[in-house]
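K.L.:
turn this into a structure:
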Amino acid sequence: MIAHYNLLALFALPFNFSELEQNLVSNAALVRLGTACILGALIGIEREWKSRSAGVRTNLLICMGCAFFTLLSPVLAGDNGTNKGQVASNIVQGIGFLGAGLILHNQNRVSGLASAASIFVVASIGMACGAGLFLPAIIATLIVLAALVIIGFIEWRVNLKAYPQIYEARGSDQQGILSAILEVMDTMHERLANFDCDAIGSLQRVSFSITANKRRHEHMSKKLLAETSIITLKTFRDPEED
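P.N.:
The predicted structure is shown next:
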């Protein structure tokens, strides 16, 4: 009987909050965590639309998690705690490790920087929601969406941003395709660093990747299609592009 009573007391111990702790958890948690989920999901929708690895669920959970850590930080410190932001202060280091996992180094370029930066700013939005700073969190979300959507569109339209694109030249003569590609690359002062060759029946394929802006990619595609040895030319956006 005594052991049963001690077991119940053990389970009841974590819920023995002070009045300050009860007010923080019960009154603020629903609104703050809900707002964090909404704002994180909005940024995640844009990332999902562009087929990024950090999509809706990732951004939503990061934003909500940071908000919850910020909310719990003064609760865990207690009424007499001298550092009520101790838990929340460690969020930055944790997000730094998470963002580093999104950055990839492939050959002579680095990808994933925009995704890592979006994760970092989503964490700050979550912290703002956890602290009850709803207006700054909403403003920050709008700025992030504007940077990802509007500025990205402007970069695309005015040919500011260079991006990698995969070219796949198809024909019946592999050596002729390679010679044509090298000739076009020489005229455009580009270097053919890496390429893949394979065959499907009588169809020969040569694939390679070039990093350039939109106008330069279009110019290269026209030159390649003008070569008689290249029957078909396919282009694909690099899946690691960010």
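K.L.:
using the three-state scheme, assign I230.
P.N.:
Of the three states, I230 takes coil according to DSSP: H, G, I helix; E, B strand; the rest coil.
K.L.:
and it, how many neighbours?
P.N.:
By other C-beta atoms under 10 Å, 21 other residues sit near I230. Backbone N, C-alpha and C define where each C-beta goes, glycine included.
K.L.:
is the closest residue to it other than its chain neighbours in a helix, a strand, or coil?
P.N.:
Excluding the flanking residues, the one nearest I230 by C-beta to C-beta, 6 or more residues apart in numbering is A169, at 4.7 Å. Under three-state DSSP, A169 falls in the strand class.
K.L.:
make residue 1 into 18 and carry on from there
P.N.:
Noted, 18 is the first residue going forward, which turns the last one into A186.
K.L.:
distance of A186 relative to T228?
P.N.:
18 Å (C-beta to C-beta, to the nearest Å).
K.L.:
the more surrounded of the two?
P.N.:
The residue with more neighbours, out of A186 and T228, is A186; 26 against 16, by other C-beta under 10 Å.
K.L.:
for the more buried one, what are its contacts?
P.N.:
Contact analysis of A186 by C-beta atoms under 8 Å, 6 or more residues apart in numbering lists I194, A197, I198, R222, V223, S224, L241, I247, T249, L250.
K.L.:
the first one sits in which helix or strand?
P.N.:
Here I194 sits within helix 191-204, counting by DSSP states H and E.
K.L.:
give the other helices and strands that that helix contacts.
P.N.:
strand 180-188, strand 212-217, strand 220-229, helix 231-242 (3 or more C-beta pairs under 8 Å, 6 or more residues apart in numbering; DSSP states H and E).
K.L.:
save the ones you listed as JSON lines, and put in mean pLDDT and distance to F86 too.
P.N.:
Below are those laid out as JSON lines (pLDDT from 0 to 100; distance: least, C-beta to C-beta, whole Å):
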{"stretch": "strand 180-188", "mean pLDDT": "88", "distance to F86": "36"}
{"stretch": "strand 212-217", "mean pLDDT": "88", "distance to F86": "46"}
{"stretch": "strand 220-229", "mean pLDDT": "88", "distance to F86": "39"}
{"stretch": "helix 231-242", "mean pLDDT": "89", "distance to F86": "42"}
